[in-house]
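1. Coordinates only, no sequence provided:
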């Protein structure tokens, strides 16, 4: 790409963590509470382990293609025609993810703060903002994310701390939920909630050589801790039958907070944090769409795809007739099938790399394993 961004380890980690945990502010937790019941907080732990396995497999593949993305590595391993199918699959996942997140972030803003505003107005301002940010470049997004991460960490810490009067250990009893078998099978079925790890494999040309594993471990580990803590605190504040019916669990947490007699709408204090979270996550997702298109078509610049990608994302966001349909499409389709698709891609690329190694056709980049 023209003027490829150059990121440090801290910028890459913070932008990836924010991209991974943004779903905490949406309704992805609904499926976790349905499956895990009182032990729903254990599911993000299992999801983190699944994400680490897939990350390590694809990181090993990219060891043999230093400075290339997963798209370019796939073309070298599978050929242009099979790799085009892989690229289309990545593109579909990212488009669905971005469009559905855009719709849910917009609906959340309407529900909590702007009930009389047309949905089209909110979507337009979100899209306009992320188009400008993506045009400035991914390095700009990453540096903004690094600064914003300080306020995000402080805001989440304050939110979780201010809900302590409502914690009840009885809400997470029994600790095993519906049983180990149900938790294990349910955790594997719902592992699509970590499908966003694909972002790491588009950052390889822009990060220091040999830093992929460091960035991956820190990103996945920190995101897993935040998601686990978020699910656990919601479970501590609300009993199981209630948690399974909350459409926006973290938003409901903020509504519990009372800051004295004259400050009873504490959720408004967290509005800037959530809006900024949405903008960073959506900007990264839109950049990923343009990255897949430009890398697949071997074009030197991705900026020509920004406006067409924004139109596609907007169209996807308006496909669900209402927010309930958007949540169902997200949890019942995208999160259910995205991880099997990424798992299949991982298996194929890993086997292809192993086969080429066996025949002595691939070099190994030892700098990736200092």
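-> On my side now, so go ahead. Only a predicted model underlies this, so the values are computations on that prediction, with no experimental measurement involved.
2. contacting residues around the helix or strand harbouring residue 58?
-> Using DSSP states H and E, the element containing residue 58 is helix 43-62. With Cβ atoms under 8 Å, 6 or more residues apart in numbering as the test, helix 43-62 has contacts from 32, 35-36, 68, 70, 73, 77, 183-184, 186-188, 190-191, 193-194, 197, 200-201, 204, 212-213, 216-217, 220-221, 223-224, 227-228, 231, 339, 342-343, 346, 349-350, 353, 368. Quick note: C-beta positions are derived from backbone N, CA and C, even for glycine.
3. Tell me which residue is most central in this protein.
-> residue 20 (3.3 Å; Cα atoms, centre = their mean).
4. any idea how far residue 100 is from that residue?
-> Between residue 20 and residue 100 the computed distance is 16 Å (Cβ to Cβ, to the nearest Å).
5. and what of residue 256?
-> 27 Å.
6. ok, those two, which is more surrounded?
-> residue 100 (25 against 15; other Cβ atoms under 10 Å).
7. What's the first helix or strand after the helix holding residue 58?
-> Downstream of helix 43-62 (by DSSP H and E), the next one is helix 70-78.
8. Distance from the chain centre to that following helix, please.
-> Taking Cα atoms, centre = their mean, to the nearest Å, one finds helix 70-78 lying 23 Å from the centre of the chain it belongs to.
9. can you check stretch 40-47 too?
-> With Cα atoms, centre = their mean, you get 16 Å for stretch 40-47.
10. ok, now stretch 236-251?
-> 21 Å.
11. buried residues in that stretch?
-> The neighbour-count check on stretch 236-251 (16 or more other Cβ atoms under 10 Å) flags 236, 237, 238, 240, 243, 244, 246, 247, 248, 249, 250, 251 as buried.
12. do the same with stretch 290-309
-> For stretch 290-309, the neighbour count (16+ other Cβ under 10 Å) marks 290, 291, 292, 293, 294, 295, 296, 302, 305, 306, 309 as buried.
13. Go ahead and list the helix or strand containing the second one.
-> To tie it back to what came earlier, the one meant is residue 291. Counting by DSSP H and E, residue 291 is found in helix 271-296.
14. Give the next helix or strand downstream of that helix.
-> Next element after helix 271-296 (DSSP H and E): helix 306-317.
15. got the end-to-end distance for stretch 19-35?
-> 24 Å (Cα to Cα, to the nearest Å).
16. Figure out how far that stretch is from the centre of its chain.
-> Put simply, stretch 19-35 sits 10 Å off its chain's centre (Cα atoms, centre = their mean).
17. One more: stretch 18-26?
-> Relative to the centre of its chain, stretch 18-26 is centred 6 Å away, using Cα atoms, centre = their mean.
18. Show me what that stretch is in contact with.
-> In contact with stretch 18-26 (Cβ under 8 Å, 6+ apart) are residues 101, 104-105, 108, 145, 148-149, 152, 193-194, 196-197, 199, 219-220, 223, 226-227, 230, 248, 250-251, 274, 277-278, 280-281, 284-285, 330.
19. which helices and strands sit right next to the helix or strand hosting residue 153?
-> Taking DSSP H and E as the criterion, residue 153 maps to helix 138-162. Under the contact definition 3 or more Cβ pairs under 8 Å, 6 or more residues apart in numbering; DSSP states H and E, helix 138-162 sits against helix 9-21, helix 119-136, helix 212-237, helix 249-256, helix 271-296.
20. for those helices, which one sits closest to residue 87?
-> With respect to residue 87, and counting by Cβ to Cβ, the nearest of those is helix 271-296 at 4.0 Å.
21. If you count neighbours, what's buried in the helix of greatest length in the chain?
-> Criterion DSSP state H: the longest helix present in the chain is helix 80-112. Buried positions in helix 80-112, judged by neighbour count with 16+ other Cβ under 10 Å: 83-84, 86-87, 89-91, 93-110, 112.
22. Nearest residue to residue 133 in space, please, no chain neighbours.
-> Among residues not flanking residue 133 along the chain, residue 283 sits closest, at 4.5 Å (Cβ to Cβ, 6 or more residues apart in numbering).
23. try residue 223
-> residue 20 (3.7 Å).
24. how far away is the one you found from residue 115?
-> The separation that residue 20 has from residue 115, given Cβ to Cβ, amounts to 30 Å.
25. before we move on, what about residue 338?
-> Residue 338 is 32 Å from residue 115, by Cβ to Cβ.
26. Looking at the two, which has the bigger crowd around it?
-> Higher neighbour count among residue 338 and residue 115: residue 338, with 23 against 8, using other Cβ under 10 Å.
27. And the more buried one, how close does it get to residue 196?
-> 9 Å.
28. where do the contact lists of those two overlap?
-> With Cβ under 8 Å, 6+ apart, residue 338 and residue 196 have common neighbours residue 97.
29. so where is the stretch 251-370 of the chain shaky, pLDDT-wise?
-> Across the stretch 251-370 of the chain, the ranges flagged by pLDDT under 70 are 259-266, 361-370.
30. Excluding chain neighbours, what is closest to residue 122?
-> In space, and not counting its chain neighbours, residue 122 is closest to residue 106: 4.3 Å by Cβ to Cβ, 6+ apart.
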